[in-house]
Structure formats: C-alpha cells, structure tokens
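Asker: Below are the sequence and a predicted model; questions follow.
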Amino acid sequence: AQSVTQLGSHVSVSEGALVLLRCNYSSSVPPYLFWYVQYPNQGLQLLLKYTSAATLVKGINGFEAEFKKSETSFHLTKPSAHMSDAAEYFCAVSPNSGYSTLTFGKGTMLLVSP
Amino acid sequence: GAGVSQSPRYKVAKRGQDVALRCDPISGHVSLFWYQQALGQGPEFLTYFQNEAQLDKSGLPSDRFFAERPEGSVSTLKIQRTQQEDSAVYLCASSLGSLSTGNTIYFGEGSWLTVV
C-alpha cells in the first residue's frame, strides 16, 4: 500500500518569498512521485514528476522538488512566490511497476499576499 | 480540443435521480481513470480502464456507481439513485500507457455534481 502525507492544509507566504510545500510518502516499493496544481474550478495540472532519474526535478512555473529516499520526502519549492501561484497543490504517488494509478494527498492551499 | 473533455461541467440532481457523466479522453490514450474529489479533499480513485477493459473498480463506493468504456475511447460514469454524499467533483484522466513506464496522466476539468 502507498500513501502520501502533505503537512499543512494551508501555507501563507508573501510575494517574493520562498515557497515550501511538504510531502512525505509511504510505499512498499520504489515509487514515482508527482506534484499537481489545481486552480479554482479547474482540473489538475502536472507541475513535475519524479520517475527514478535525477533526484532534483524541475517543473513548470519555476517549481522544483527533490526526492530524498532517506527522508521519504518529495518537498516542492519555488525561490520567489508570485501572486499567480495561489492555488491548491497536491502530491501524489504511484508504484513504478505493474498496473498503477495515482494516490493523492489531501492537498495544501497556497496563499500569496502582496 | 487536445485535452481530456468532460460533460456536463455542472450538474444539479435531485436525490434519487440517476446521472451520467461523460469523458472524452485524449485521442489514442489507452488508460482512462475516474476520480472523485469531495470538497476540500484530494482526488480519490474510483476505477481504471485499459482500452475497453475495466481492470480495477475497487474505488467505486457502492453498487450504485457504474462505469463503462465500450469502444475503448469515450467513457461514462453512471450514478444511480443519487444521494447527498455523492456531491463531489468527478475527474476523468487519461494516459498514453501505464504510469509504471513513465507516462503522464492528464486530467479533465471535472464534472461538478450537486445532489439536493
């Protein structure tokens, strides 16, 4: 069985500040890991994914995430927040073999203030 | 369009009514998924198709929920005798192949179901 835990249902930052959204996973097999973003009344958009290549993954809109096996973590960061980054962010995991689907965390709402 | 298309975008159903939600995946995508997202929660897996075969329906919450993909492209999620707890966004997603080979899942904008 696999699962993800996102620490903090809400994270508030000021525009220009560092964004850090935390995700820890639990998986019996080496996983693939994903971050998705969801803007109000829209579907999920893939930000980035880790599929066992480089541990530091760069995504769209200046986001990146680092896979740390020793910490079972896949935290999402962005050096400087922009107002347009305000949205809900979901971490997800899938096994890297056989049939697989995504298991999502509960999400973290990112609030950006001017 | 090039993305996953879902209809209707918004549906209000009276309790006890049957509803059908349609999903048009990206052309050529073999894998199709349905997820349910309750307000303030992450998406939860409902069912998975590979072409026309429903390989996993372990997430369907009750026998009132039924999904089909008869020709391996368009899929329909049907909910019979809707109840208030069925109110949620129903997300459809597709991918070219299996996630285990590095394929990406692409999501539609969802069908928002409100049961009154």
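Answerer: Yes, it's here. These numbers were taken from a predicted model, which means no experiment stands behind them. Numbering: from 1, shown residues only, chains lettered A, B, ... in the order given.

Asker: contacting residues for B:R69?
Answerer: Neighbour list for B:R69: B:L32, B:F49, B:N51, B:E52, B:Q54, B:S75, B:T76 [criterion: Cβ atoms under 8 Å, 6 or more residues apart in numbering or on different chains]. The way it works is simple: take the backbone N, C-alpha and C, and place the C-beta from them, glycine included.

Asker: Out of these, which sit inside strands?
Answerer: Cross-referencing those against strands under DSSP state E gives B:L32, B:F49, B:Q54, B:S75, B:T76.

Asker: Drop anything exposed from the contacts of B:R69.
Answerer: The neighbour count (16 or more other Cβ atoms under 10 Å in any protein chain shown) marks B:L32, B:F49, B:Q54, B:S75 as buried among the contacts of B:R69.

Asker: Please, which helix or strand holds the closest residue in space to A:L7 that isn't next to it in sequence?
Answerer: With Cβ to Cβ, 6 or more residues apart in numbering or on different chains as the criterion, A:L7 has its nearest non-adjacent residue at 4.1 Å, and that residue is A:R22. Per DSSP states H and E: A:R22 is located in strand A:19-26.

Asker: moving C-terminal of that strand, what's the next helix or strand?
Answerer: Following strand A:19-26 in sequence, per DSSP H and E, is strand A:31-38.

Asker: follow-up on the earlier one: can you tell me which of the ones in strands among the contacts of B:R69 is nearest B:L21?
Answerer: Among the ones in strands among the contacts of B:R69, B:T76 lies closest to B:L21 (Cβ to Cβ), at 6.8 Å.

Asker: Just list whatever residues bridge to the closest one.
Answerer: B:R22, B:E68 (DSSP bridges).

Asker: give the contact list for the residue nearest the centre of chain B.
Answerer: The residue lying closest to the centre of chain B (Cα atoms, centre = their mean) is B:W34, at 3.1 Å. Taking Cβ under 8 Å, 6+ apart, we find B:W34 in contact with B:C23, B:F45, B:L46, B:T47, B:Y48, B:A67, B:S75, B:L77, B:Y90, B:L91, B:C92, B:A93.

Asker: Recalculate using a threshold of 6 Å.
Answerer: Listed by Cβ atoms under 6 Å, 6 or more residues apart in numbering or on different chains, the contact partners of B:W34 are B:L46, B:T47, B:A67, B:L77, B:C92.

Asker: now do A:V13
Answerer: A:V19, A:A81, A:V112.

Asker: which of the residues you listed tops the neighbour count?
Answerer: Among the contacts of A:V13, the one with the most neighbours (other Cβ atoms under 10 Å in any protein chain shown) is A:A81, at 22 neighbours.
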